[in-house]
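Visitor: next comes the sequence, and after it the predicted model I'd like to discuss.
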Amino acid sequence: MTWSTREIAELSGSTVKTVRYYHEIGLLDEPDREPNGYKRYEVRHLTRLLQIKRLTGLGVPLAQVAAMGTDPDGRASVFRTIDAELEATVERLQKIRQELAMLSRPGASPDVPAGFGGVAEHLRDNDRALIMIYAQLFSDESMDAVRQTLEARPNPALDEEFRDLPEDADEATRQALAERIAPFVAGSATDHSVTLEPKASTSRQAEAARSAVGHAIQALYNRAQVDVLRRAHLISEANGDARSARDRRDPVPIENDGH
């Protein structure tokens, strides 16, 4: 019993074009021809086509199908690699499903990273944009700290005062606001100290991340707000240096236990 190209394609659930392509790349042996020149496929060809179909259906690339041969160890290695890739894909899809479920809840917003839906309503558009950039550049631990601080909302009135600060705010107003914000920058006014650690694996990438954040802040906030943040960081650093110097001058006394 033999079959034509069209017949073997139909039997194997493939197409004539696919059968011919498998011949071109060496996956399928050429069949014998009848005196009139027509190809005649045999059972071995059908078996091979079904084998290829099964392997590709499991995710094995054609190049690896061709290289697998009859070596059991080689085949097992290919299958383990594909299984690991599938496991990673399943995990990614599960995370996507979880995020879609959260976004389906009332009040959820796609404008903030996963996990920030509970604080989205308190944020303005520029705040949301900055947090999206943060989530791309900084570690999950850093973003957890940012989220916890936003959830705590230690001083909502101060947040609104900063967000409403006009670009032409005078020097005294900027300095006073910076002094009030500085403790929150340092983390001393909250239970959640925020240290932004880049995801980057090299110093160059880390510097690029910090530079990108600097550009984002300048683009998303007005000049007065950016100036207040700069002043608050300077005040925070100065206070930190002062505390370190005081600790060096006044070390914690060690009790004398009589020895």
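Guide: Okay, I see it.

Visitor: show me the helices in the stretch 101-250 of the chain, by range?
Guide: With DSSP state H, counting those that start in this stretch applied, the stretch 101-250 of the chain shows helices at 125-137, 140-152, 156-163, 171-186, 203-220, 223-249, listed in chain order.

Visitor: will you turn those helices into TSV that also has mean pLDDT and mean neighbour count?
Guide: Bear in mind the C-beta positions are built from the backbone N, C-alpha and C, glycine included. As requested, these are exported to TSV (pLDDT from 0 to 100; neighbours: other Cβ atoms under 10 Å):
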stretch	mean pLDDT	mean neighbour count
helix 125-137	93	17
helix 140-152	89	16
helix 156-163	92	14
helix 171-186	89	17
helix 203-220	92	13
helix 223-249	80	14
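
Visitor: now those helices as JSON lines including distance to residue 29?
Guide: Putting those into JSON lines (distance: least, Cβ to Cβ, whole Å) gives the following:
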{"stretch": "helix 125-137", "distance to residue 29": "51"}
{"stretch": "helix 140-152", "distance to residue 29": "52"}
{"stretch": "helix 156-163", "distance to residue 29": "72"}
{"stretch": "helix 171-186", "distance to residue 29": "72"}
{"stretch": "helix 203-220", "distance to residue 29": "50"}
{"stretch": "helix 223-249", "distance to residue 29": "70"}
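
Visitor: what about residue 40, which SS state?
Guide: Assigned with DSSP: H, G, I helix; E, B strand; the rest coil, residue 40 falls in the strand class.

Visitor: that one - nearest residue in space that isn't next to it in sequence?
Guide: Counting by Cβ to Cβ, 6 or more residues apart in numbering, residue 40 lies nearest to residue 2, which is 3.8 Å off, once chain neighbours are set aside.

Visitor: from what I see, the one you found and residue 38 are in contact.
Guide: No. At 9.6 Å, residue 2 and residue 38 do not qualify as touching, with contact defined as Cβ atoms under 8 Å.

Visitor: neighbour-wise, which of these two wins?
Guide: The residue with more neighbours, out of residue 2 and residue 38, is residue 2; 15 against 11, by other Cβ atoms under 10 Å.

Visitor: residues in contact with that one?
Guide: 31, 40-42 (Cβ atoms under 8 Å, 6 or more residues apart in numbering).

Visitor: the residue nearest to residue 40 and residue 45, how far apart?
Guide: 9 Å (Cβ to Cβ, to the nearest Å).

Visitor: shared neighbours, these two?
Guide: The overlap between the contact sets of residue 2 and residue 45 (Cβ under 8 Å, 6+ apart) consists of residue 31.

Visitor: before we move on, the earlier item: nearest to residue 152, out of the contacts of residue 2: which one, please.
Guide: residue 41 (71.7 Å; Cβ to Cβ).

Visitor: report the distance from stretch 24-32 to the chain centre.
Guide: Centroid displacement of stretch 24-32 relative to its chain, using Cα atoms, centre = their mean, to the nearest Å, is 43 Å.

Visitor: contacting residues around that stretch?
Guide: The contact list for stretch 24-32 (Cβ under 8 Å, 6+ apart) reads 2, 19, 22-23, 39-42, 44-45, 48-49, 52, 62, 65-66.

Visitor: hmm, which of the residues you listed are the buried ones?
Guide: In the contacts of stretch 24-32, burial by neighbour count holds for 19, 22, 39-41, 45, 48-49, 52, 65, counting by 16 or more other Cβ atoms under 10 Å.

Visitor: taking these, tell me the two that lie furthest apart.
Guide: With Cβ to Cβ as the measure, no two of the buried ones among the contacts of stretch 24-32 lie farther apart than 40 and 65, at 24.1 Å.
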